[in-house]
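Colleague: return atomic coordinates for the entry below.
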Amino acid sequence: MYHIEKTAYGIRINLNLNKAGLITGEEANRLYEELSRTLERLRRPIGYLIDMRNLKKMKSEDLQKLYQFKQNLVDRGIVKRTAYVMNNAVTMLQMKRISRDIGLLKYERFLDANMLKNWEEVALGWLINAQDPTPKRRR
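Modeller: Numbering: from 1, shown residues only. Below is the predicted model:
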């Protein structure tokens, strides 16, 4: 199950999944269809907060659908910034790989809810004010 909410910064998506922490192909299709209908009405780049804390991992066919969906967002020019909130390393690696392949890493941040108790505040800082939560590397 999922919930899509329009917000001042764009869209918030909560993935409330089954007990196994998986999203089925049917659920993924419904989510992408509903998101596509919602995005048809938007004419500007927006921010996305995607709460994936309950997602354990994605099947390869669902990853392919997500890849195509994200590529469509890029092609349509409606991605401003995205914050993913997760608590699973496998899911985080999967999402980072897709974002890297599409060329979205500079617009996306991946937040570990296990490490950040104030993950929502940090995500909103990125989405609204471009406050980068990624630690700077020392030279």
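Colleague: so Thr134 makes contact with Arg109?
Modeller: Yes: at 6.3 Å, Thr134 and Arg109 qualify as touching, with contact defined as Cβ atoms under 8 Å. Yep, even glycine has a C-beta here, placed from its N, CA and C like the rest.
Colleague: what about the strands in the chain?
Modeller: For the chain, strands defined by DSSP state E occupy the ranges 2-6, 10-15, 46-51, 79-86, 108-112.
Colleague: returning to that earlier point: higher neighbour count, Thr134 and Arg109?
Modeller: Arg109 (21 against 9; other Cβ atoms under 10 Å).
Colleague: list the beta-bridge partners for the more buried one.
Modeller: Ala83 (DSSP bridges).
Colleague: distance of it from Gln68?
Modeller: Arg109 is 22 Å from Gln68, where distance means Cβ to Cβ, to the nearest Å.
Colleague: likewise Leu35?
Modeller: For Leu35, the distance to Gln68 - Cβ to Cβ - is 12 Å.
Colleague: C-alpha coordinates for stretch 81-91, CSV please?
Modeller: Taking Å, rounded to 0.1, in the frame of the first residue of the first chain, the C-alpha atoms of stretch 81-91 are listed here in CSV:
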residue,chain,number,x,y,z
ARG,A,81,15.3,17.5,-5.8
THR,A,82,14.5,14.2,-4.2
ALA,A,83,15.0,12.9,-0.7
TYR,A,84,14.7,9.1,-0.1
VAL,A,85,14.3,7.9,3.4
MET,A,86,15.3,4.3,4.0
ASN,A,87,16.6,2.0,6.7
ASN,A,88,17.9,-0.8,4.6
ALA,A,89,21.3,-0.9,3.0
VAL,A,90,20.3,-3.1,0.0
THR,A,91,17.4,-0.8,-0.9
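Colleague: need the contact partners of it.
Modeller: 21, 47-53, 55-58, 92, 95, 104, 107-114, 119-120, 122-124, 126-127, 130 (Cβ atoms under 8 Å, 6 or more residues apart in numbering).
Colleague: can you point out the buried residues in that stretch?
Modeller: 81-88, 91 (16 or more other Cβ atoms under 10 Å).
Colleague: out of the residues you listed, the closest to Ile11 would be?
Modeller: Thr82 (9.7 Å; Cβ to Cβ).
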